[in-house]
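Student: Return a 3D structure for these sequence lines:
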Amino acid sequence: MNRRKTEHTTFTIEREFDFAPSKVFAAWASAEAKAQWFVGPRDKWKLVKREVDFRVGGREKLVGTFDGGSTTTFDGLYYDIVTNERIVYSYDMRQNDTRISASLATVEFRPAQRGTTLVFTEQAVFLDDFNDAGGRERGTGVLLDQLAASLHR
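Tutor: Below is the predicted model:
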């Protein structure tokens, strides 16, 4: 019998963007804009499905496959959206058919002298034999790097 367990972590990443909060927020709010940066590693990952309903109570789903055949699923629900100020959502992650984590994420968009300070905070619980909190934080950092690159295009 597998022993069930949970591992909790919280992390915060703060980034500066040379764009107004409205532009940075729009990169999260628009399905087309988010598709430019909210993706797996481009050289190892292929998109299978993307659904975005950006509104309070709306859902977002992203499914992709890695070169080795593993499938990942991001399944989110929006709880709070204040235009140009914050987004609060929960999501779970699956590898193949196994739920590996559940999280609550808050994205804050703060006006700054040079544009926007984005503050991303995640509270996560990793389930059973999966614990990769450091990888989740690094992966979120990579996504924010991709966001920055998409804003500059």
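Student: Only C-alpha atoms from now on, for both contacts and neighbour counts.
Tutor: Will do.
Student: which strand residues sit across from residue 9 in the sheet?
Tutor: Counting by DSSP bridges, residue 9 is bridged to residue 124.
Student: Quick check: the gap between it and residue 121.
Tutor: 11 Å (Cα to Cα, to the nearest Å).
Student: and stretch 52-64, which residues are buried?
Tutor: Burial within stretch 52-64, assessed by neighbour count using 16 or more other Cα atoms under 10 Å, is assigned to 52-55, 59-64.
Student: same question but for stretch 135-142, I mixed them up
Tutor: Neighbour-count burial for stretch 135-142 flags 137, 140-142 (criterion: 16+ other Cα under 10 Å).
Student: how far out from the middle of the chain is it?
Tutor: For stretch 135-142, the separation from the chain centroid amounts to 9 Å (computed by Cα atoms, centre = their mean, to the nearest Å).
Student: How about residues contacting that stretch?
Tutor: For stretch 135-142, the external contacting residues (Cα atoms under 8 Å, 6 or more residues apart in numbering) are 11, 13.
Student: mean confidence score for it?
Tutor: Per-residue pLDDT over stretch 135-142 has a mean of 92.
Student: Give me the nearest residue to residue 16, chain neighbours excluded.
Tutor: Spatial nearest neighbour of residue 16, excluding adjacent residues (Cα to Cα, 6 or more residues apart in numbering): residue 117 at 4.6 Å.
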